[in-house]
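[1] Below is the structure, and that's it, no one-letter string:
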């Protein structure tokens, strides 16, 4: 992949300055798998009003960082703070309760449930539910069900996929599956949305729409975005700051304009003659 060839894109995001408070702070993050040091002393922060991207060649450790932050791995050492609260080593469902949710490189929907049902399941932790209330259909339970249905339909409208509400999620076009997965995250009202290669498998038009969607989510819903992505056009067009990794370590963090011309970045992607 060529950083040089792929990043001659719209530079309107380069001058963004972020005034938000620090939402996510990662310090000294290290992850070992036996004798393999996959991530070595990674540190970065994400502000409450920004899109922060992590890029690097295959095997750089990006996904391992994501899995540590999202609660899928327990890091060997280091600390992860979400809004000042230590979430290091918490399992993913408890991390999600802190307002940090993620998508995956390979879409992970409940493919045999309908599109609408996928969004209802995502709201389970927020609903006024219990076995007794459900069996007795108490007023609080019914009201909670109606609210969940309303929110689900609103997000289907927002994502432009309401027409497919009763279709099995696994039968959606791939681009629509991506949108449903993001909607499933957003319906939980996160403060930080982690997107793991959201442009993978999308055509050029869908990638442009994805860039617009990420910017719209940030602006309209006050959600910060932590992004891993190989598509440099998308990264440079939507990110406020970018951290570049190589062989498990950060080699620089900066604005898109700084990253696209940094010799260390070019070397990491293209090597040296």
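    Arrived safely. What you see is a predicted model; the values in this text were computed from it and never measured.

[2] can you map out the strands along the stretch 101-250 of the chain?
    Assigned by DSSP state E, counting those that start in this stretch, the stretch 101-250 of the chain shows strands spanning 192-196, 224-228, 241-246, 249-254.

[3] between those strands, which gets nearest to residue 212?
    strand 224-228 (13.2 Å; C-beta to C-beta). Where you see a C-beta, it was placed from the backbone N, CA and C, and this is true even at glycine.

[4] and that closest one, which strands flank it?
    With DSSP bridges as the test, strand 224-228 is paired with strand 51-55 (parallel), strand 192-196 (parallel).

[5] That one - what's its average pLDDT?
    Over the span of strand 224-228, the pLDDT mean works out to 96.

[6] And stretch 239-251, by the same measure?
    Mean predicted lDDT for stretch 239-251 stands at 95.

[7] Save the strands of the stretch 101-250 of the chain as CSV, and put in mean neighbour count and distance to residue 72 too.
    Formatted as CSV, those follow (neighbours: other C-beta atoms under 10 Å; distance: least, C-beta to C-beta, whole Å):
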stretch, mean neighbour count, distance to residue 72
strand 192-196, 23, 11
strand 224-228, 24, 14
strand 241-246, 23, 18
strand 249-254, 17, 20
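
[8] export those to JSON lines and tack on distance to residue 65?
    Output for those, formatted as JSON lines (distance: least, C-beta to C-beta, whole Å):
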{"stretch": "strand 192-196", "distance to residue 65": "10"}
{"stretch": "strand 224-228", "distance to residue 65": "8"}
{"stretch": "strand 241-246", "distance to residue 65": "8"}
{"stretch": "strand 249-254", "distance to residue 65": "9"}
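
[9] Any idea which of these gets closest to residue 177?
    strand 192-196 (14.0 Å).

[10] ok, and what's touching that closest one?
    23-24, 46, 63, 66, 69-70, 82, 99-105, 182, 185-186, 214, 217, 223-229 (C-beta atoms under 8 Å, 6 or more residues apart in numbering).

[11] Show me which of those residues are buried.
    23-24, 46, 63, 66, 69-70, 82, 99-105, 182, 185-186, 214, 217, 223-229 (16 or more other C-beta atoms under 10 Å).

[12] which residues of the chain fall in helices?
    Taking DSSP state H to define them, one finds helices in the chain at 3-6, 62-69, 92-97, 115-122, 131-136, 139-159, 174-186, 204-221, 232-238, 256-259, 263-270.

[13] tell me which strands and helices the last one is in contact with?
    Using 3 or more C-beta pairs under 8 Å, 6 or more residues apart in numbering; DSSP states H and E as the contact criterion, the secondary-structure elements in contact with helix 263-270 are helix 3-6, strand 241-246, strand 249-254.

[14] Same list, those, but as CSV with distance to residue 116 please.
    Listed next are these as CSV, based on distance: least, C-beta to C-beta, whole Å:
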stretch, distance to residue 116
helix 3-6, 38
strand 241-246, 36
strand 249-254, 40
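
[15] Could you point out which of the ones you listed sits nearest residue 205?
    Across the helices and strands packed on helix 263-270, closest to residue 205 is helix 3-6 (C-beta to C-beta), at 17.4 Å.

[16] For that closest one, give the mean pLDDT please.
    39.

[17] For the spatially most central residue of the chain, list each beta-bridge partner.
    The centroid of the chain falls nearest to residue 194 when counting by C-alpha atoms, centre = their mean (1.7 Å). On the basis of DSSP bridges, residue 194 is bridged to residue 102, residue 226.

[18] any idea how far residue 102 is from it?
    4 Å (C-beta to C-beta, to the nearest Å).

[19] Same check on residue 30?
    In this view, residue 30 and residue 102 are 21 Å apart by C-beta to C-beta.

[20] OK, contacts around residue 259?
    Residue 259 neighbours (C-beta under 8 Å, 6+ apart): 55, 236, 242, 244, 252, 265.

[21] TSV for these, including distance to residue 77?
    What follows is the contacts of residue 259, written out as TSV (distance: C-beta to C-beta, whole Å):
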residue	distance to residue 77
55	24
236	32
242	25
244	22
252	22
265	27
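
[22] hang on, the earlier thing: right, and the helices of the chain - which one's nearest residue 75?
    Here helix 62-69 is closest among those (C-beta to C-beta), at 4.5 Å.

[23] Show me what that closest one is packed up against.
    Looks like helix 62-69 contacts strand 22-33, strand 36-47, strand 51-55, strand 77-82, strand 192-196, strand 224-228 (3+ C-beta pairs under 8 Å, 6+ apart).
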